[in-house]
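>>> give me a 3D structure for the following:
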Amino acid sequence: MADAELFAHPDYPPPGHGRAWTARTRDGAQLRFASWRPTVKPVHGTILLVQGRAEFIERYGETVGELRRRGFHVLTFDWRGQGGSQRFVSRARKGHVGRLRHYEADLALAMAQMQERLPGPYFALAHSMGAALCLDAARNDRLPVARLVALAPMLELTVIEKPRRARRLAGALFWLGFGKNFVPGGGDTAIATKPFEGNRLTGDPVRYARNSALSAAARHLSIGDPTIAWVRTAFRLMARLAAPHAAREVRVPTLVIAAGRDRIVSTPAIERFAARLKTGQALILREARHEILMESDAIRAQFWAAFDAFIPGEDADLAAGAGSAGEPRQRSLMQRLVGGGEDAPAPGGAAPVP
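Below is the predicted model:
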């Protein structure tokens with residue numbers, strides 16, 4: 001374990017009074033972590049902030065500040081192969097991971113770091129790939145948190161044409177030794193540095209410009225397109241969660257928030273998964289694109305309203321742990337957000353928010 005640094009962009013510095021360090025997974029990968037204390041009292045516990053693909057800690061400075069002002073400690077980390085964590089390819093801009101178990105080891109280390117360093121109760125706020133990995137871990141008692149908020153979880157990729165063919169091709173190329181190659185047509189350019197017009201990430205030009213500036217200035221933290229092995233890993237993860245029994249095995253009370261204008265992951269797939277959850281529901285933000293936490297103020301206000309009603313939750317729910325005690329409260333939450341009527345959610349369904 002060693003100290004690490006956070007990148008200080010002159011216009012978008014990271015939140016102050018934080019600490020960054022590195023730690024190693026059980027298979028030897030070095031990951032970068034950062035944590036902050038809350039800025040208000042009472043203290044409600046710790047949020048594990050889990051990123052998606054191609055992200056890094058510094059992109060979440062705004063969200064970290066909002067969580068601290070809500071009375072939470074915050075812990076976040078960079079997945080292996082991106083941000084300030086260890087890369088396993090000679091061309092460092094490739095978005096690479098070898099196998100699904102490697103991401104599982106990363107998440108296990110993050111949980112251990114949280115429990116060793118920060119006070120409970122523990123919660124997770126996860127995005128896209130990170131949300132899918134947390135949902136999978138919650139099926140097998142590998143996510144020791146009281147509640148989970150999963151944003152636009154990567155349950156099905158719409159950005160890949162002909163997914164069945166792509167899955168077979170990725171598997172074949174992986175076993176032929178091409179796992180560390182870019183996907184066909186892939187390159188070093190970070191998605192966040194591409195033009196705002198037509199982007200799939202957010203409708204907010206100001207936050208998009210901030211993330212683009214961070215990615216351009218901190219080239220050592222950003223990555224480009226994924227490798228064949230990453231695609232194979234993503235398909236294996238999504239196949240696990242697509243199994244009919246997968247959602248029913250999630251024991252952690254979960255709020256799934258989907259983006260109505262998502263062109264990266266499938267919102268209908270998220271709705272189907274949420275309908276099978278025993279301890280959760282989904283909320284759809286109709287005007288949002290994929291990166292809900294990077295969206296406009298109006299969309300983010302809807303997200304924070306849902307978050308604040310769900311976390312930390314009732315004291316009785318926290319004492320009960322990851323069980324069904326939170327389900328009636330979650331249903332009440334959704335009904336308050338949409339105001340009842342035709343948009344009121346059915347049990348286990350998804351509530352749209354205009």
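
>>> residue 126 is in contact with residue 137, isn't it?
No. Assessed by Cβ atoms under 8 Å, residue 126 is found out of contact with residue 137, at 9.8 Å. To be clear about C-beta, it is placed using only N, CA and C from the backbone, and glycine gets the same treatment.

>>> more neighbours: which of those two?
Ranked by neighbour count (other Cβ atoms under 10 Å), residue 126 and residue 137 place residue 126 first, with 26 against 23.

>>> does the more buried one count as helix, strand or coil?
strand (DSSP: H, G, I helix; E, B strand; the rest coil).

>>> contacting residues for it?
Residues near residue 126 by Cβ atoms under 8 Å, 6 or more residues apart in numbering: 48-50, 133-134, 148-151, 153.

>>> at 7 Å instead, please
50, 134, 148, 150-151 (Cβ atoms under 7 Å, 6 or more residues apart in numbering).

>>> what's the burial count for residue 13?
With neighbours defined by other Cβ under 10 Å, the count for residue 13 comes to 12.

>>> and if you look at the one 10 residues further on?
For residue 23, the neighbour count with other Cβ under 10 Å is 18.

>>> my guess is it is in a strand, correct?
Yes. Secondary structure of residue 23 (three-state DSSP): part of a strand.

>>> quick one: it and residue 227, what's the gap?
25 Å (Cβ to Cβ, to the nearest Å).

>>> same deal with residue 85?
Here the criterion is Cβ to Cβ. By it, residue 85 lies 16 Å from residue 227.

>>> more neighbours: those two, which one.
Set side by side, residue 85 and residue 227 show more neighbours around residue 227, with 29 against 22, by other Cβ under 10 Å.

>>> do I have it right that that one meets residue 92?
No. Between residue 227 and residue 92 there is no contact under Cβ atoms under 7 Å: 12.0 Å.

>>> helix, strand or coil for residue 76?
Using three-state DSSP, the structure places residue 76 in strand.

>>> number of residues surrounding it?
Using other Cβ under 10 Å, the number of residues around residue 76 comes to 28.

>>> which residues touch the closest residue to it other than its chain neighbours?
Take residue 76 and drop its neighbours on the chain: the residue closest to it by Cβ to Cβ, 6 or more residues apart in numbering is residue 49, 4.0 Å away. Contacts here follow Cβ under 7 Å, 6+ apart; on that basis residue 49 touches 60, 63-64, 74, 76, 125.

>>> of all these, which two lie farthest apart?
The distance between the two most remote of the contacts of residue 49 (Cβ to Cβ) is 10.5 Å, for 64 and 125.

>>> okay, those two: which has more neighbours?
With neighbours defined as other Cβ under 10 Å, residue 64 and residue 125 compare such that residue 125 has more, 27 against 23.

>>> what about the nearest residue to that one once chain neighbours are set aside, how many neighbours?
Excluding the flanking residues, the one nearest residue 125 by Cβ to Cβ, 6+ apart is residue 149, at 4.8 Å. Neighbour count for residue 149, taken as other Cβ under 10 Å: 24.

>>> would you agree residue 149 is in contact with residue 255?
Yes. Residue 149 lies in contact with residue 255 (Cβ under 7 Å); the separation is 4.9 Å.

>>> pretty sure the residue nearest to residue 125 is in a strand, no?
Yes. Judged by three-state DSSP, residue 149 forms part of a strand.

>>> for this protein, just list every one of the strands.
For the chain, the strands defined by DSSP state E occupy 2-3, 18-24, 30-36, 45-50, 72-77, 122-127, 147-151, 254-259, 280-285, 350-353.

>>> what's the third one in contact with?
Translated: strand 30-36. Here strand 30-36 has contacts from 4, 6, 15, 17-25, 57, 64, 68, 73-78, 80, 83-86, 106, 109, 113, 117-118, using Cβ under 7 Å, 6+ apart.

>>> filter those residues down to the buried ones.
Restricting the contacts of strand 30-36 to buried positions leaves 4, 6, 15, 18, 20-23, 25, 57, 64, 68, 73-78, 80, 83-86, 106, 109, 113, 118, with burial counted as 16 or more other Cβ atoms under 10 Å.
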